[in-house]
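Asker: just need the structure, nothing else, for what follows:
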Amino acid sequence: MGAMQFFRHLNIVRAINDLRSYLAQEGPHKLGFLLLSVALFGSLLVAFTIDSHEVPVYHREITYIEQWPADRTDAQIIAQQKIDGPIEAKRKAAEAARQKKIQQDYKKLNDKLEKFGI
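Answerer: Next up is the predicted model:
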């Protein structure tokens, strides 16, 4: 039987009447479970649809690790530490300043909320 023959025999009114007669024969608890399952499926479908539109958060921070020869001398290690020391200190100072600014912003917000009694 081809697809066209199948659709030729499809009748929406008969299908709806068939569904109504089936639901009339079954107990009312089955109709309740049917509605509950349709509602649950619909809510999951809506939740996944909403979630699919959110932009994922990617952390694009790349950490480069330097490779050093295993046979380097203590003098070479100390020389490299003298080069890297000020750079690391500058990075730590910038991070501390950023943390202090965030802390000040939170203190301002807390002070405003205390004015309102919160």
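
Asker: could you count how many residues lie near Gln80?
Answerer: Counted with other CB atoms under 10 Å, the neighbours of Gln80 add up to 13. The way it works is simple: take the backbone N, C-alpha and C, and place the C-beta from them, glycine included.

Asker: can you give me the pLDDT of it?
Answerer: Note on Gln80: pLDDT of 91.

Asker: do Leu19 as well
Answerer: pLDDT recorded at Leu19 is 81.

Asker: next: Leu36.
Answerer: 94.

Asker: that one is in what secondary structure piece?
Answerer: Here Leu36 sits within helix 28-52, counting by DSSP states H and E.

Asker: helices along the protein, start to end?
Answerer: Listed in chain order, the helices of the chain (DSSP state H) span residues 3-8, 12-25, 28-52, 74-115.

Asker: weakest of these by average pLDDT?
Answerer: Among the helices of the chain, helix 3-8 scores lowest, with a mean of 65.

Asker: Thr63: which of the helices of the chain is closest?
Answerer: Closest of the helices of the chain to Thr63 is helix 74-115, at 13.0 Å (criterion: CB to CB).

Asker: before we move on, back to that, now the helices of the chain as JSON lines including distance to Trp68?
Answerer: JSON lines is the format used below for the helices of the chain (distance: least, CB to CB, whole Å):
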{"stretch": "helix 3-8", "distance to Trp68": "70"}
{"stretch": "helix 12-25", "distance to Trp68": "75"}
{"stretch": "helix 28-52", "distance to Trp68": "45"}
{"stretch": "helix 74-115", "distance to Trp68": "8"}
